[in-house]
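Colleague: Just a sequence and a predicted model for now, questions to come.
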Amino acid sequence: MSVLQLAVVIILVALVFDFINGFHDAANSVATVVATRVLTPFQAVLWAAFFNFVSAFTFGTGVASTVGKGFVDLSLVTPVVILTGLIGGIAWDLITWWLGLPTSSSHALIGGYAGAAVANAAVRLGPARAIEGLVMGQWPRTLAFIVVAPLLGLLLAYFLMVAVYWLFRHASPAHMDKHFRRLQLVSAGLYSFAHGTNDAQKTMGIITGVLVTSRLIPTFQVPVWVVLAAHAAIALGTLSGGWRIVHTMGSRLTKLKPRGGFCAETAAASSILFATWLKLPVSTTHVIAGAIAGVGSIQRFKAVRWGVARRIVWAWALTIPASAAIAALAYFAISLF
């Protein structure tokens, strides 16, 4: 297989990952708006897919650069490293989708990429120097935002709910929800926009990495066609839905009303756009889960089903090491042939 043919295969696999990301994370985009019955599931995924694609034309490609060259040593990256990194991310996404767990596609991708890079370094430089496949780069801030991003979403949602209850302190719940059913269309669109601009950039970074390591482009600059392809793939994935995870996020974590859905989506979108501005890849799944928990806790602490939340957190903690391990095994398996 020629270098060009291998690059084409890997780009197609990357777009498949982006598609899976779309249907895996579609739940995050539509869970609240479906749970509050503002839109039907079909209407909600159409709404989300539209804003996923529209976001292609904003916020540049800073997150793509971070993912493509901020975690691994590009001098030790080959097309096979990228391919097996994608395999690790896709496999973990499918496993957690089957289990109905809203884990992070972003961290699965980063973990897979890192695991494959470490495996390649172990083969080329020796097991003792395997860690040289990674660079310090954006690891500290990215790992910190695993905690910071959902916590920020939780706090913003909590204080938004406080503000809403104060502003509508003389209104009945039915009157409040009449207004917030309309406003939730705006907040759902904003969240989907934020989701698209952060998540699609991760695949853009991987595809650009393929083009650089295959020497098809001279420097790490994301081509326009890559931007459009990545956003189209994630939008199409969103259209396919992920209803197992919708159930966990939209109804099992806490019960939502339109006012709560509006606050959760607005808080999550604000947190994600802040991270995108910092050029950091974050988990849109983590952020919306934190925001939903923040909304639930405004009524009473027990309104959030912390047992379900605990399962979600365990899945988060396992995502990077599990996807890294799968990618490393895939790399060693392919290297044997």
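Modeller: Okay, I see it. Residues are numbered from 1 along each chain as shown.
Colleague: make it CA atoms for all contacts and neighbour counts henceforth
Modeller: Noted.
Colleague: Residue ranges in this protein under the pLDDT threshold?
Modeller: 1, 24-32, 101-102, 241-256, 299-316 (pLDDT under 70).
Colleague: Ala128 against Ala121, yeah?
Modeller: No: checked against C-alpha atoms under 8 Å, the pair Ala128 and Ala121 is beyond contact range at 9.4 Å.
Colleague: Among the two, which residue is more densely surrounded?
Modeller: Shown here are Ala128 and Ala121; by other C-alpha atoms under 10 Å, Ala121 has more neighbours (23 against 9).
Colleague: what about the helices in this structure?
Modeller: With DSSP state H, the ranges of helices along the chain come out as 3-35, 41-54, 62-69, 79-99, 105-125, 139-167, 173-213, 224-240, 243-247, 258-277, 284-297, 306-336.
Colleague: Return the residues in contact with the spatially closest residue to Leu228 that is not a sequence neighbour.
Modeller: Closest residue in space to Leu228, ignoring its immediate chain neighbours: Ala56 at 6.6 Å, by C-alpha to C-alpha, 6 or more residues apart in numbering. Ala56 makes contact with 196-197, 227-228, 231, according to C-alpha atoms under 8 Å, 6 or more residues apart in numbering.
Colleague: about what we covered before: columns distance to Glu132 on top of the helices of the chain, output as JSON lines?
Modeller: Compiled in JSON lines, the helices of the chain are given as follows (distance: least, C-alpha to C-alpha, whole Å):
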{"stretch": "helix 3-35", "distance to Glu132": "24"}
{"stretch": "helix 41-54", "distance to Glu132": "36"}
{"stretch": "helix 62-69", "distance to Glu132": "14"}
{"stretch": "helix 79-99", "distance to Glu132": "14"}
{"stretch": "helix 105-125", "distance to Glu132": "7"}
{"stretch": "helix 139-167", "distance to Glu132": "14"}
{"stretch": "helix 173-213", "distance to Glu132": "18"}
{"stretch": "helix 224-240", "distance to Glu132": "29"}
{"stretch": "helix 243-247", "distance to Glu132": "37"}
{"stretch": "helix 258-277", "distance to Glu132": "27"}
{"stretch": "helix 284-297", "distance to Glu132": "29"}
{"stretch": "helix 306-336", "distance to Glu132": "15"}
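Colleague: burial count for Asn321?
Modeller: No, residue 321 isn't Asn; it's Pro. A count of nearby residues for Pro321, using other C-alpha under 10 Å, gives 18.
Colleague: Ala117 versus that one, what's the distance?
Modeller: 13 Å (C-alpha to C-alpha, to the nearest Å).
Colleague: what's the answer for Ser106, then?
Modeller: In terms of C-alpha to C-alpha, Ser106 sits 17 Å off from Ala117.
Colleague: ok, now Ala325?
Modeller: Counting by C-alpha to C-alpha - Ala325 and Ala117 are separated by 11 Å.
Colleague: Compare neighbour counts for Ser106 and Ala117 and give me the winner.
Modeller: Between Ser106 and Ala117, Ala117 has the larger neighbour count (other C-alpha under 10 Å), namely 33 against 25.
Colleague: Nearest spatial neighbour of that one, chain-adjacent residues omitted?
Modeller: Using C-alpha to C-alpha, 6+ apart, the closest residue to Ala117 is Gly133 (5.1 Å).
Colleague: give the contact list for that neighbour.
Modeller: Applying C-alpha under 8 Å, 6+ apart, the residues near Gly133 are 72-73, 76, 114, 117-121.
Colleague: hang on, the earlier thing: would you format the contacts of Ala56 as JSON lines with neighbour count and distance to Gly68 included?
Modeller: Formatted as JSON lines, these follow (neighbours: other C-alpha atoms under 10 Å; distance: C-alpha to C-alpha, whole Å):
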{"residue": "Gly196", "neighbour count": "29", "distance to Gly68": "17"}
{"residue": "Thr197", "neighbour count": "26", "distance to Gly68": "16"}
{"residue": "Val227", "neighbour count": "23", "distance to Gly68": "14"}
{"residue": "Leu228", "neighbour count": "16", "distance to Gly68": "17"}
{"residue": "His231", "neighbour count": "30", "distance to Gly68": "17"}
